Structure formats: C-alpha cells, structure tokens
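**Q** coordinates only, no sequence provided:
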C-alpha cells in the first residue's frame, strides 16, 4: 500500500501536475531537458551518498523491528518501579 | 431335534459368539473371507473418497502384512454376526454358505490385488504431490480455467492498451494545453490512491467481490466512454474522476480473484504476462487502425480540396445516406457504414476500448460461473474473506501487534527505508512527467497512431523478460543500485525524447521504459516486503483490496 501510494498515488499525480505546468510554460522539449537534468543531478548525489555510506542495508535488507505495545507497557512499568524505589 | 454332539457344537458356537472367539469356531477360511469383506468395504470407501488415502494406507498395511487386523471393532462385529447366524443354521445351509464364501474368496483375492495396486498408485501420487508442494495438496489447475484467465487478462489489458496510452494525445488533439493534460493525468492515480482501500472494505463487507467487480467495471466503462462525449475541460475532468473512482478496485479485484482460484500461485506471473502481451498488442493494433483512419481522413480532405465536383457529389451522397438512415429504408450494412464513417480519428480509441470490453465482461461472467460451479474453488474463494475478518478481529483483540502507524513511524526513523521510499517517490514523479507527455512529443515530431502503437508494443515486449531477470538482478546489484539505474534510465529517456527528430528514434526510450519498470517494480516489491516489520508486508507492498483477498 505504501509502495503504491508513493509511486502510483503521490508520485505519478505530482509528476503529471508538475510536468503539465512545465510543458505549458516551456514546451515539451524543454520540460524533458529540465526533468532530465534534475534526475541526472539527483542520481549523481545519490551515487555519491551511497559510495560514502558503506553500511547500508540495501544489498542485504533486514526486517525492521517494531517495538510492540506490550513491550512498551512492560518498559513503562519497569520505569515506574525504578522511580518508585 | 438336533443330536447331542450337534447341540454341544451349537452351544459352543453361541458361547464363542458371545465371547468373540470367532477364528476357532468357523475356521480360518471364514476369518479370511470376512477380513476380505471388510477389505472390500474399505476399498469401496477409498475409491469413493480420495481424501482419506493416508488412513487407508495405514490400515491397508496392517491387512496385507498381517492377518490379525488392527481394526478390532470392525472385525469382531462382522464375525459375531456370522457366528451367531452360524449357530442357528443347519449343516447343509452351512456347507452352502462355506462354498459361497469360498467362491467369494477368489473374487476377494482379486479385490485385494486391486486394492494393493490402488495403494501403490495412491502412494505414487502422494509422493508426486508431496514433491510438488510438500503438503500433499493437488497443484494441478484445470487447463480450461487457465485458458479462461489468460483470455481474461489478455482482453482486459488489451482494452486498456487501446485507450490509456493515447489519452494525453487525445487531449492534446482537442487543443488542451499541458496544464490541463497534467491535471487530467493526475486525477486518476490520486483518486485511485485515495479510494482503493475504501473499495477493499466495500468488497469485503458485500461478501460478493464479483458483483463489486461487475458494478465498478461497467460504471467505469461508461464513464470512460463519456469522456469523448464533450470536449470542454470541466466535462472531461468530471468524467475522468468518475472513471477513476469506479475503476480503482478493478485491477486489484481481478488479480485477487485469480490468485484465490488458482491452486498453484506460482502460475500467476505467467498468467499475468498475457495481460502485458494484451496491452502491447491492443495498443499497437489500435495505433495501426488510428493511423489508417487518419490517412483516410487526410485523403478525403485532399480530394475534397482538389475536386469541388467530388466534394459536391460526396455531400449529396452523404445527405442521401443520412436521409436513408432517418427514413429507415437503408440496409443494415449501410447503417453500420454510416456509423463507422462517424467514428474516425481518436474516437476510434473509445470505440475499440468498448469493443474489447465486451469479451472481457463475458470472460468475467464465465470466471464467476466457474467459481460458483466448483464448490471447492468457491470455498477457497470465500475462505480468505472470512479468514481476514477473523484475523482482523483477532488483531484488534491482540494488543501485542504493532499497528500501521507504529510501522510508518519506525520507517521514518530508519534511514535506509526513508531513502528507499523517497527514491520511489522521485521515480514516480519522473514517471508521471514522462507518461503524460512522451506521446505528445511523438505527435510533435510527426508521429501517428502506428508509431505510437509500435512504441507501446516495443515497451511491452522489452518489459516481459525483465520480470524473469529482475530477481537475480536485485540479488546481484542491490535495491539501491537498481533504483539508481532506474533513474539513469529516466535521464536517458528524457534526453532521447527531447532530442529525437523522427518518431521511430524514440523506440530505444520505449524499450528502456518496459525494462526499467519491470526491474524497478520487482525490486521495490522484494525490498519492501523484506524490510517490512512483522505483520506489515501487506501495508507496505500491496494495496488493501489485494491484501484482503490474498490471505
């Protein structure tokens, strides 16, 4: 759902609106050139960031662990008992 | 009056009958015959029901290897009945019975052999099935059902392919500017994003996804066709919105119903490829028709400009034909020809879309009937909903599970996940720009329907093999590099479209389009499902409708 929302929902609708604005202002060719330049700059920045950061989990993705509510409650009770001492 | 010896024998028989010591009384032949009667009974049950073949095997092992059956109760009951009867009958009758039983023995021997063969076959089948899925459940789908699903995917996506890629070009041909085209292009994805979960809830609550599918499919079809009714932006926007509103769950429902009704879920990818093929074929064929229609229009215009007499004749002929239609005296062919003359240019797209929707709807109905006919399939189809409801109840009851917001909050604290979803957003924006204006650009450089159709076909064909190679590609490069490569591909495509001089020069960009999307989407799905916190795979990867019906 989140993936669809980011790509199909927000991404494509924003792209269509931005692209439409640019096309009416600059024409199709310039819209594509500007969009291409933006993407190229973004990719260069991304590659620079990824080359600097070595410990990313992209190659070997790990499941994100969410602290459960029960654990939080237990933690709270422990904290209370700690403060009551 | 029976003799003393006989009376003693009968008494002993009766006593034996009460004590269930049957083997000694009637001899071994009776015992074995009775055992085989039981066997025959067991075999008949086994033949009628394949579900209990494991139990049958276990029981049959005891029978074949040892004459002392493990089924104490069944054997005792049968033998007791025979013995108690045996005590009351005369010697002659008993001899006849013995002969009869001996005769049956031979038949039963055959039965035992048959049962033994059946057991061997069952164990062979069992091994084969366990090899297939490890659970002993049959994975063989009915070939007719698979053909039906293929046709359904093909026609549905062909109907989409015949219209969707050309819509921005159609708006452009009406004289609308880029801003309107952009707005119209944004309505559909944004509306789908907002209402798809609501349709999921409606579908679940109704308990009849097929009805929801019919309703949404038909209403969205009407809305889509009404887009061509008027040319003013407000009308088109409202129709596009209605279409998007009702079309939002169609793809998801279709996917989930197919998944719920096929036994081997691994087949889904191959079946869905027919949709990819249908989209390519639909768009290319429509492109050719569109191109011919435009050529015919141009020729007509040229001839009308060049020859005034021909124009006058054509006008007279047109008037006569119209009068014929109005008066109702013309033949059916003439009427069809007249209607055909009116459906020219981009209106052909809507006509083809409607035409291809007819077999799609027929296939949906056939699929519905199939699921209703097959009881087990229906059970498979309905269970996910009930299971989901049960699951949702249990999840609300269980406070130990994290909710969606917990997961999203955690995602924003995880730098890799944050970067991943930001990259997905950037790729989505790039896609939004390029999808809405690529064909406008092809039109600008003189491209017609044929070139656009060819472009779409190349895109679909390039995308198909990438669904196979995307898995190893992700493993080899990692999700971040695949996303970076996707963006590089967008850069190449942007410049390709910007600097092309002829429509066919855009074909490399189209090939990249198919390959990029396939690799990008597969990689994203795999990565998102891997990093998803426990119980949140569906929230992060699939939309709600698909999730609700898949589980």
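**A** Thanks, I have it. Bear in mind the structure is a predicted one, so any value in this text is a computation, not a measurement.
**Q** can you pull out the helices in chain A?
**A** Assigned by DSSP state H, the helices in chain A fall at A:2-4, A:12-26, A:28-52, A:69-84.
**Q** which of the ones you listed sits closest to residue B:524?
**A** helix A:2-4 (5.7 Å; C-beta to C-beta). For glycine as for every other residue, the C-beta is placed from the backbone atoms N, C-alpha and C.
**Q** how about the contacts made by the residue nearest to residue A:23 when sequence neighbours are not counted?
**A** Once flanking residues are discounted, residue A:23 sits nearest to residue B:178: 2.9 Å by C-beta to C-beta, 6 or more residues apart in numbering or on different chains. With contacts defined as C-beta atoms under 8 Å, 6 or more residues apart in numbering or on different chains, residue B:178 is in contact with A:19, A:20, A:21, A:22, A:23, A:24, A:25, A:28, A:31, B:437, B:440.
**Q** take the helices of chain A and write them to JSON lines, including mean pLDDT and mean neighbour count.
**A** Shown next, in JSON lines, are these (pLDDT from 0 to 100; neighbours: other C-beta atoms under 10 Å in any protein chain shown):
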{"stretch": "helix A:2-4", "mean pLDDT": "77", "mean neighbour count": "23"}
{"stretch": "helix A:12-26", "mean pLDDT": "91", "mean neighbour count": "22"}
{"stretch": "helix A:28-52", "mean pLDDT": "91", "mean neighbour count": "17"}
{"stretch": "helix A:69-84", "mean pLDDT": "64", "mean neighbour count": "10"}
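**Q** tell me which of the ones you listed lies nearest to residue B:293.
**A** Among the helices of chain A, helix A:28-52 comes nearest to residue B:293, with 24.2 Å by C-beta to C-beta.
**Q** contact partners of that closest one?
**A** Contacts with helix A:28-52, where a contact means C-beta under 8 Å, 6+ apart, come from A:19, A:22-23, A:26, A:56, A:58, B:178, B:423, B:426, B:430, B:433-434, B:437, B:440-441, B:444, B:480-481, B:483-484, B:487-488, B:490-491, B:494-495, B:497-498.
**Q** sorry, back to before: nearest to residue B:254, out of the helices of chain A?
**A** Using C-beta to C-beta, the helices of chain A put helix A:2-4 closest to residue B:254, at 15.6 Å.
**Q** does the closest one pack against any helices or strands, and if so which?
**A** Contacts defined by 3 or more C-beta pairs under 8 Å, 6 or more residues apart in numbering or on different chains; DSSP states H and E place helix A:2-4 against helix B:415-444, helix B:507-531, helix B:537-540.
**Q** now do 7 Å
**A** helix B:507-531, helix B:537-540 (3 or more C-beta pairs under 7 Å, 6 or more residues apart in numbering or on different chains; DSSP states H and E).
**Q** ok, of the ones you listed, where does mean pLDDT dip lowest?
**A** Ranked by mean pLDDT, the helices and strands packed on helix A:2-4 bottom out at helix B:537-540, with a mean of 58.
**Q** could you measure from the residue in the stretch 101-250 of chain B that chain A sits nearest to over to residue B:231?
**A** Here the residue of the stretch 101-250 of chain B nearest chain A is residue B:182; by C-beta to the nearest C-beta that distance is 1.5 Å. Distance, residue B:182 to residue B:231, by C-beta to C-beta, to the nearest Å: 18 Å.
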